[in-house]
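# The amino acid sequence is not available; the structure is as follows:
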């Protein structure tokens with residue numbers, strides 16, 4: 001197995017710490033110590049903890065969206081893909097013991113002046129929203145305006161089910177949101 005470079009070790013370590021402990025509860029010195037890198041090496045790759053968090057969120061975005069698209073790719077229809085999105089949430093949240101959404105978690109733990117991190121969270125949420133809209137716009141029976149409106153309703157169900165599942169430590173919110181989505185899509 002190939003040994004990770006300094007930058008990847010920092011991102012991997014910070015990813016785990018930010019996701020499980022929180023952004024504010026994780027310090028630079030903890031990241032450096034747990035990644036097993038020198039402070040000077042860390043600063044060669046990142047200027048600040050905020051820059052490390054941006055790298056974490058960029059990587060998380062690629063992995064999460066890739067996992068979602070791979071999971072739903074087995075579905076033959078776009079509506080089937082949207083319904084399967086809830087099954088993906090169920091599988092993913094169960095695998096992380098209902099720890100929740102990395103973007104929701106970091107944004108609630110964020111100081112006001114950390115716009116680079118906030119922008120990454122907005123980018124992720126907007127990309128998922130655009131993906132939902134694009135699937136619905138391909139449906140012949142919907143106008144673009146109807147696709148956007150329905151897509152936004154589905155996004156609220158997706159996002160709400162994530163946070164409520166995290167709070168409840170249970171999948172019933174995802175199952176309820178999936179049933180509501182099925183009603184909206186039929």
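Arrived safely, thanks for sending. Note that the structure is predicted; figures quoted are calculated from it, not measured.
# Tell me which stretches of this protein form helices.
6-21, 28-35, 39-45, 49-72, 78-95, 102-108, 115-137, 144-168, 172-185 (DSSP state H).
# Spit out the contact partners of the closest residue to residue 39 other than its chain neighbours.
Nearest residue to residue 39 in three dimensions, chain neighbours excluded: residue 32, at 5.6 Å (Cβ to Cβ, 6 or more residues apart in numbering). C-beta here means a position set from N, CA and C on the backbone, and glycine is covered the same way. The contact partners of residue 32, taken as Cβ atoms under 8 Å, 6 or more residues apart in numbering, are 10, 38, 39, 42.
# now these in CSV, with pLDDT, neighbour count and distance to residue 76?
Formatted as CSV, the contacts of residue 32 follow (pLDDT from 0 to 100; neighbours: other Cβ atoms under 10 Å; distance: Cβ to Cβ, whole Å):
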residue, pLDDT, neighbour count, distance to residue 76
10, 96, 25, 42
38, 94, 11, 52
39, 93, 11, 53
42, 92, 22, 47
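# Could you single out the nearest of those to residue 85?
Distance to residue 85, by Cβ to Cβ, is smallest for residue 10 among the contacts of residue 32, at 31.6 Å.
# ok, and the closest non-adjacent residue to that closest one?
Residue 10's closest residue in space is residue 35 (Cβ to Cβ, 6+ apart), at 4.9 Å.
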